[in-house]
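Asker: Show me how the following folds:
(one chain, ligands or ions: 1)
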Amino acid sequence: MRVLVSGGAGYIGSHTVIRLVEAGHDVVVVDDFSNAKPTVVGRLEALTGTSVPVHSFDLTDVDKTEHLFANETIDAVIHFAGFKAVGESVAKPLDYYQNNLDSTFSLLRAMRRHDVRTLVFSSSATVYGAEPRLPMTEDLPTSATNPYGWTKVMIEQVLTDVAASDDRLRIAALRYFNPVGAHVSGDIGEDPSGIPNNLMPFVAQVAVGRREKLSVFGDDYDTPDGTGVRDYIHVDDLAAGHVAALDRISAGTTPMSIWNLGTGQGVSVLEVIKAFERASGRPIPYEIAPRRAGDIAASYADPSRANSELGWYATKTIDDMCADTWRWQSKNPNGYPDA
Ligand code: UDP
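Answerer: Sure thing, here's the model as predicted:
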């Protein structure tokens, strides 16, 4: 298939481009580079040995989106593009609702006009809300605790309704748990701008000396060691899950599917720190800080639906995730170069 990857220069998008090419698909990227560096494209081309066509614009631009679909052959879309910083979404809710929803509407309308019926959407375990039952199964009710999370809930609802209106559509929403790690080459990885919000990139920047110490947000949760528990999933396993979902929906007859992509294993903040110390051979200084607003104690998937329906399993351990993150961080201490 020729797959349009929106947000294909971003963290999960770029790893998925590699997996798509390895699986024999052709890829077209659309990215506005608002949160990605153009230098990622050259690295993708070097790693895949193929040219990666890139269209640089914001998908909320309906005319440009229409022009793209009119001028490229597109068989399927994987939609990663979107704003994703939880804290920023609380400060700028209108920006988040407008960007994440409008870009999806623009894509869906262009897909309809050009008879593209296969879509994989980048959703999140954040749709399970503030007090989820554990492990999280796909049939739990959805809600959110911040505007970013609500955009995922809302887009899932839009996709469900659109799929119900046309039984020729093949749509999947993939609910990611906590994506971490990097390509095994160390040439592609997560490159957050500014101070990282997420644990793994923050730990990696402490290890490489860019930050002095980590703040552990709370050690009094109802978890084995008191720190927050999450289901960390290697980004390359996650990327493989997109290819599996794409293959599955395009061969099937179901208009709307939802799959969790996680390992099913919970790992605490202190366990991540220890694993990263093992991987890097460096100490990770930390201090215990107050809980972060909006955090839940524990989050982990029941991935059995994806296991059985997609034949997909997360294969990599937390040690693999830390080793690959460290390879990326030590080879690229300041992330991607500007040019
Ligand atoms: N965390 C932390 N210090 C940080 C960033 C995160 O202790 O600087 C904790 C956070 O409280 C949570 C876990 O690490 O328990 C994962 O946080 P992250 O932001 O990576 O993912 P999310 O909370 O969205 O699942």
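Asker: next one: stretch 45-53 to chain centre, how far?
Answerer: 21 Å (C-alpha atoms, centre = their mean, to the nearest Å).
Asker: end to end, how far does it reach?
Answerer: Stretch 45-53 has an end-to-end distance of 10 Å (C-alpha to C-alpha, to the nearest Å).
Asker: cool, stretch 259-277 as well?
Answerer: End-to-end span of stretch 259-277 (C-alpha to C-alpha): 33 Å.
Asker: Say whether the ligand is contacted by it.
Answerer: Yes. Stretch 259-277 is in contact with the ligand by C-beta under 6 Å from any ligand atom, via Val269. (C-beta placed from N, C-alpha, C; glycine too.)
Asker: quick one: buried residues of that stretch?
Answerer: For stretch 259-277, the neighbour count (16 or more other C-beta atoms under 10 Å) marks 259-273, 275-276 as buried.
Asker: Skipping adjacent residues, who's closest to the residue in the chain positioned nearest to the ligand in space?
Answerer: Nearest residue of the chain to the ligand (C-beta to the nearest ligand atom) works out as Gly228 at 2.1 Å. Leaving out its chain neighbours, the residue that sits closest to Gly228 by C-beta to C-beta, 6 or more residues apart in numbering is Val269, at 5.5 Å.
Asker: Pretty sure that neighbour sits against Tyr232.
Answerer: No. Using C-beta atoms under 8 Å, Val269 is not in contact with Tyr232; the gap is 10.7 Å.
Asker: And the contacts of stretch 44-63?
Answerer: With contacts defined as C-beta atoms under 8 Å, 6 or more residues apart in numbering, stretch 44-63 is touched by 6, 8-9, 14, 17-18, 21-22, 27-34, 38, 41, 64-65, 68, 72, 81, 98-99, 102-103, 106-107, 109-110, 183, 185, 187-188.
Asker: any idea of the mean pLDDT for that stretch?
Answerer: For stretch 44-63, mean pLDDT is 98.
Asker: now stretch 79-88
Answerer: Here the average pLDDT along stretch 79-88 is 97.
Asker: Just the C-alpha atoms of that stretch, please, in PDB.
Answerer: Taking Å, rounded to 0.1, in the frame of the first residue of the first chain, the C-alpha atoms of stretch 79-88 are listed here in PDB:
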ATOM      1  CA  HIS A  79      -2.800   9.900  11.500                       C
ATOM      2  CA  PHE A  80      -0.200  10.800  14.100                       C
ATOM      3  CA  ALA A  81      -0.200  14.600  13.700                       C
ATOM      4  CA  GLY A  82      -1.400  16.500  16.700                       C
ATOM      5  CA  PHE A  83      -0.500  18.600  19.700                       C
ATOM      6  CA  LYS A  84       0.400  16.300  22.600                       C
ATOM      7  CA  ALA A  85       1.600  18.200  25.600                       C
ATOM      8  CA  VAL A  86      -0.800  17.700  28.500                       C
ATOM      9  CA  GLY A  87       0.200  20.800  30.500                       C
ATOM     10  CA  GLU A  88       0.200  23.000  27.500                       C
END
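Asker: For the nearest residue to Asn260 once chain neighbours are set aside, name its beta-bridge partners.
Answerer: Excluding its sequence neighbours, the residue lying closest to Asn260 (C-beta to C-beta, 6+ apart) is Ala301, at 4.3 Å. Assessed by DSSP bridges, Ala301 has beta-bridge partners Met136.
Asker: thinking again about what came up before, my guess is the residue of the chain closest to the ligand contacts Ser268. True?
Answerer: Yes. At 6.8 Å, Gly228 counts as touching Ser268 under the criterion of C-beta under 8 Å.
Asker: Good, we can wrap up now.
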